[in-house]
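Novice: would you be able to build a 3D model of this:
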Amino acid sequence: MDMTPISSIDKEQIIDTKMQLKERDSNMELLRCIAMFLVLLVHAGFLSLGLPTQAESLQAPVSVFMRLLTQSVSVVCVNVFVLLSGWYGIRFSIRRLGNFLFQVFFFSFLIYVCLVIIHPADYLNVRSLSRLFILNGEDYWFVKSYLLLFLFAPFLNILVEREESKQIVKSVLIVFFLFQTIYGWLSIKGVTELEGGYSALSFMGLYLLVRYLRCYGCDTSKYSGKIYISIFWGITFINASLAFFLARINLMVFGRIFTYTNPLVICQSLLLVFAFSQFKLKSKFINWLAISCFAVYLTHANEFILRSYYGRWIKFLFDEQNSMVFIFAVACTILAIFFLSVLIDKVRIYAWTKIAGK
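Specialist: This is a model prediction of the structure:
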């Protein structure tokens, strides 16, 4: 047993971690974990299997509808994660920024080293090194968008949290979401700055929206969590049914329904946040998981892994297995990735504690 004395800084960090586990709202932390499960699920959908075709919708209507329903449920994942940040508000500090960046590059470097050991000829090159440092557009798009949100959060907080700015923020939100709906959803490539929600600008819109609702008296307790969940499922079925109809008539724009900028998807995401805010739950285990759940994204959504391994594995299961075996195998894959990522992140947390404590 290591009997090395714990420094005062280490003690403060340990106390801070324990307080986080104790004081975090486990109901919202559970939603954070669910959002990460949904990220895994959404990447197992259209990204891995592709869009359903008209022929598939005619030959296997039940299978196609279930794929569309799954996509309709899981597409809220990113919006929910950003809304949760806005629900509590991002409080910028150099230490938190360092922790975030250390987590990103810890997993990026770990994955790269493993792949170099397995396939040195494929990964010992400049292109792979540029991916290691996420210098390409497709590398960890969420990380870069969230990083810019993190850096701008102090200014967004000042804007939204001043009483005299209430009407200004309201006007900004109306103009922004009207513009985004037209040029970031109806015309999904209308402006490259929005990219269908794959952008820091869209993240800032969501962040301001939920901060505004929190700061200016949105009473989420007016309705029960069950009502919010019921409305969520109603919208989910509407989106899936509309997409199924469009697939059947071979109008290949139905994928646009499942974008982060779809106003109905944004409503779904808000409804989940409102619903879970009504639940009362305290669990150190859930909080312990939630602290590390971002690692789930960093492991499987790394560009080295996402399409080359995760996407191909899901497609292999879909092509080779019957429906029930496919569902079981995907569920096992998702659970394995989630818990393995969390456990690896605990090593990362220990390493960061040692580094930041020096």
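Novice: from V64, how far off is L41?
Specialist: Using CB to CB, to the nearest Å, L41 is found at 17 Å from V64. (Each C-beta comes from the backbone N, C-alpha and C, glycine too.)
Novice: quick one: list the elements packing against the helix ranked longest in the chain.
Specialist: Ranked by number of residues, the top helix in the chain under DSSP state H is helix 323-356. If contacts are counted by 3 or more CB pairs under 8 Å, 6 or more residues apart in numbering; DSSP states H and E, helix 323-356 sits against helix 8-23, helix 26-43, helix 94-118, helix 294-300, helix 312-320.
Novice: gap between the third one and the chain center?
Specialist: The one in question is helix 94-118. Centroid separation between helix 94-118 and its chain, computed with CA atoms, centre = their mean, to the nearest Å, is 18 Å.
Novice: and what of the second one?
Specialist: On the basis of CA atoms, centre = their mean, the separation between the geometric centre of helix 26-43 and that of its chain is 7 Å.
Novice: let me know the angle separating it from helix 323-356.
Specialist: 120 degrees (axes from the mean of the first three to the mean of the last three CA atoms, to 10 degrees).
Novice: C-alpha coordinates for helix 26-43, CSV please?
Specialist: In CSV, the C-alpha atoms belonging to helix 26-43 read as follows (Å, rounded to 0.1, in the frame of the first residue of the first chain):
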residue,chain,number,x,y,z
SER,A,26,-28.3,12.9,-9.9
ASN,A,27,-31.5,13.2,-12.0
MET,A,28,-29.7,15.6,-14.4
GLU,A,29,-26.5,13.6,-14.3
LEU,A,30,-28.6,10.5,-15.2
LEU,A,31,-29.8,12.5,-18.3
ARG,A,32,-26.2,13.3,-19.1
CYS,A,33,-25.4,9.6,-19.1
ILE,A,34,-28.5,8.8,-21.2
ALA,A,35,-27.4,11.5,-23.7
MET,A,36,-24.1,9.7,-24.1
PHE,A,37,-25.9,6.4,-24.6
LEU,A,38,-27.9,8.1,-27.3
VAL,A,39,-24.7,9.4,-29.0
LEU,A,40,-23.6,5.8,-29.3
LEU,A,41,-27.1,4.9,-30.6
VAL,A,42,-27.3,7.7,-33.2
HIS,A,43,-23.9,6.7,-34.5
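Novice: tell me the first helix or strand C-terminal of that helix.
Specialist: Later in the chain than helix 26-43, the nearest helix or strand by DSSP states H and E is helix 46-49.
Novice: how far out from the middle of the chain is that next one?
Specialist: In this view, helix 46-49 has its centroid 17 Å away from the chain centroid, taken as CA atoms, centre = their mean.
Novice: same question for stretch 67-78.
Specialist: Centroid separation for stretch 67-78 versus its chain: 12 Å, with CA atoms, centre = their mean.
Novice: same question for that stretch, mean pLDDT?
Specialist: Average pLDDT, stretch 67-78: 95.
Novice: contacts for that stretch next, please.
Specialist: Outside stretch 67-78, the residues within contact range by CB atoms under 8 Å, 6 or more residues apart in numbering are 35-36, 38-39, 41-42, 45-46, 49, 52, 142, 197, 236-237, 239-240, 243-244, 247, 254, 257-260, 265, 268-269, 272.
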